[in-house]
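Q: when you get a sec, could you give me coordinates for this:
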Amino acid sequence: MFRRQQAISWQLSLLLLLGLHVLAFASDPAPLSLGDLEQMAVQGNPTLAQAAARIEAARGKALQAGLYPNPTVGYVGDRIGAAGTAGEMQGLFVDQIIVTAGKLRLSRAAYCQEVAGAEAQALAQQYRVLNGVRVRFYELLARQRLLEVQAQLLKNADDAIATTQELINIGAANKSDLLQARIEARQERVSLESTRILYLAGWQQLAAFLGNPGLTSDQRLQGNLEELAPVPAYDASLAHLLEASPELQQARADVVRCSIALRREQVEPIPNVQLQVSNGYDFETRNDVTSVQLGLRLPLWDKNQGNIRTAQANVSRAQAEVNRVELSLRQRLARTYASYRAAQVAVEEYRKGSLPEAKEAYELYLGSYHSGRAAWPQVLVALRTYFQLSVDYVNSLEQLRRAEVVILGLLLVDGLDQPEGPTSDMRMR
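A: Numbers count the residues shown, from 1 in each chain. Below you'll find the predicted structure:
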């Protein structure tokens with residue numbers, strides 16, 4: 001009777017592991033899907049608001065850079081009080097700088113490229129946030145399954161202790177066997193507790209990432225860890241990355257901005273015109289008079305040589321940055337794709353080979369036990385092997401999903417780092 005109860009107990013455990021889990025109570029909070037978490041992140045992650053604010057700041061700079069300088073209006077009087085008179089002339093003047101050589105247009109065009117760079121940064125930040133949610137989602141989903149599997153491993157270890165004790169009673173085992181069984185049970189208990197701690201910490205990290213501190217581990221996640229998304233071959237992934245990467249878009253926008261800034265510095269020596277018009281009453285001739293003054297600042301010594309040289313260096317730096325970002329993307333993709341392929345091979349091996357064979361070995365040992373041709377400890381060892389392989393399978397699945405998210409998400413994953421603001425070296429006008 002005892003042998004039959006043991007067999008039934010482990011058959012039920014195996015069914016639980018294979019997915020026939022007990023349904024949650026009606027009072028439990030509704031499980032959260034990946035879409036639910038993504039929506040929370042879009043609404044609660046502060047870096048997205050920061051990225052949007054940087055776009056608006058760049059647009060404000062572009063608007064300001066193209067505005068014409070304001071005129072100066074004032075009063076003019078000449079020799080007031082001379083010989084007890086009101087002076088020779090009193091009136092008003094208007095002073096206006098006339099900007100030449102399209103300087104305002106170039107300044108605005110350069111800042112418009114800064115807007116394009118800020119928009120690329122915002123897109124990159126959106127990728128980082130959503131990919132960060134996906135990575136954490138699959139990480140927690142994997143730990144949910146690990147808790148179930150490791151709980152079964154601990155139960156297996158505890159039953160091994162009980163079985164060993166019974167074998168000692170009949171002289172079929174000794175104290176060293178019992179000590180070894182206890183050591184293994186303690187190891188499984190530590191592993192289960194470590195996974196539980198990491199699971200709770202993962203929920204806390206996810207809550208902070210979403211900007212929703214009220215989110216707790218009382219809620220479960222709804223998702224399929226094994227439902228993999230199709231990942232293109234390496235060459236296709238690389239081509240898509242080099243075409244769509246916001247990091248490259250930002251670097252290319254900076255090349256255009258620096259080129260326009262160089263042109264802006266080159267036209268700076270072309271002098272603006274200082275125009276002053278005054279109109280007043282001449283008390284000597286008793287007539288209205290108008291005066292006009294035009295002035296130019298001659299570029300004799302200062303021809304903006306230093307700023308032009310700096311702008312040329314900035315163009316070279318920006319062009320090299322495009323090359324650097326491209327090489328960095330190639331390197332990161334190669335590393336991530338290798339992790340993806342290694343995890344994919346491991347997952348396929350566990351799914352098609354190791355796990356089915358371990359399950360079959362357990363069932364064969366169980367059948368042999370019922371027919372009296374195998375001892376119960378052999379059944380426990382076979383089941384423990386199956387559970388341990390299941391743990392390795394879940395870990396490989398998590399690594400595979402993480403690499404999948406990173407590849408499909410253009411290698412952008414860190415969603416709580418503050419998005420960098422564009423560094424402008426342009427003069428306003």
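
Q: tell me the helices in the stretch 301-429 of the chain, going along the chain?
A: In the stretch 301-429 of the chain, the helices defined using DSSP state H, counting those that start in this stretch lie at 305-349, 355-370, 376-408.

Q: which one of the ones you listed is the most hemmed in?
A: Mean neighbour counts were compared across these using mean count of other CB atoms under 10 Å; the top stretch is helix 376-408, at a mean of 21. Placement of C-beta: from N, CA and C, glycine included.

Q: okay, the angle between that helix and helix 355-370?
A: If you take axes from the mean of the first three to the mean of the last three CA atoms, to 10 degrees, helix 376-408 sits at 170 degrees to helix 355-370.

Q: just to revisit the earlier point, which of the helices of the stretch 301-429 of the chain has the lowest average pLDDT?
A: Looking over the helices of the stretch 301-429 of the chain, mean pLDDT reaches its minimum on helix 355-370, with a mean of 88.

Q: how about that helix as CSV, C-alpha atoms only?
A: Only the C-alpha atoms of helix 355-370 are listed here, as CSV (Å, rounded to 0.1, in the frame of the first residue of the first chain):
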residue,chain,number,x,y,z
LEU,A,355,13.5,15.8,-21.2
PRO,A,356,11.5,13.2,-23.1
GLU,A,357,14.2,10.5,-22.4
ALA,A,358,14.4,11.5,-18.7
LYS,A,359,10.6,11.3,-18.5
GLU,A,360,10.6,7.9,-20.2
ALA,A,361,13.4,6.6,-17.9
TYR,A,362,11.3,7.7,-14.9
GLU,A,363,8.2,5.9,-16.3
LEU,A,364,10.2,2.7,-17.0
TYR,A,365,11.7,2.7,-13.5
LEU,A,366,8.2,3.3,-12.1
GLY,A,367,6.9,0.3,-14.1
SER,A,368,9.8,-1.8,-13.0
TYR,A,369,9.1,-0.8,-9.4
HIS,A,370,5.5,-1.9,-9.7
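
Q: that helix to helix 305-349, inter-axis angle?
A: 30 degrees.

Q: which strands and helices sit next to helix 355-370?
A: Contacting helix 355-370 under the criterion 3 or more CB pairs under 8 Å, 6 or more residues apart in numbering; DSSP states H and E are the following elements: helix 2-17, helix 376-408.

Q: I'd like to know which elements the host helix or strand of Glu139 is packed against.
A: Here Glu139, judged by DSSP states H and E, is contained in helix 103-169. Here helix 103-169 touches helix 2-17, helix 34-44, helix 46-65, helix 175-210, helix 246-267, helix 376-408, going by 3+ CB pairs under 8 Å, 6+ apart.

Q: got these as TSV, with distance to Asn307 columns?
A: Formatted as TSV, these follow (distance: least, CB to CB, whole Å):
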stretch	distance to Asn307
helix 2-17	70
helix 34-44	42
helix 46-65	16
helix 175-210	43
helix 246-267	5
helix 376-408	42
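
Q: nearest to Gly132, of these?
A: helix 175-210 (6.0 Å; CB to CB).

Q: surely Val289 forms part of a strand?
A: Yes. Secondary structure of Val289 (DSSP: H, G, I helix; E, B strand; the rest coil): part of a strand.

Q: you'd agree it is up against Asp282?
A: Yes. In this structure, Val289 is within contact of Asp282 by CB atoms under 8 Å, at 4.8 Å.

Q: got any residues that touch both of these two?
A: Between them, Val289 and Asp282 share these contacting residues under CB atoms under 8 Å, 6 or more residues apart in numbering: Met89.

Q: now Leu329: how far from Leu123?
A: Distance from Leu329 to Leu123, counting by CB to CB, to the nearest Å: 15 Å.

Q: nearest residue to the middle of the protein?
A: By CA atoms, centre = their mean, the chain has its centre lying nearest to Arg128, at 1.8 Å.

Q: check what contacts stretch 90-98 and list those residues.
A: For stretch 90-98, contacts defined as CB under 8 Å, 6+ apart pick out 69, 71-78, 80, 272-281, 283, 289, 291.

Q: which of those count as buried?
A: Neighbour counting with 16 or more other CB atoms under 10 Å marks 272, 276, 278, 280, 283 as buried within the contacts of stretch 90-98.

Q: neighbours around Ile183, how many?
A: 11 (other CB atoms under 10 Å).

Q: one step back: include distance to Gly132 when you put the helices of the stretch 301-429 of the chain into a markdown table, please.
A: Listed next are the helices of the stretch 301-429 of the chain as a markdown table, based on distance: least, CB to CB, whole Å:
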| stretch | distance to Gly132 |
| --- | --- |
| helix 305-349 | 15 |
| helix 355-370 | 30 |
| helix 376-408 | 9 |
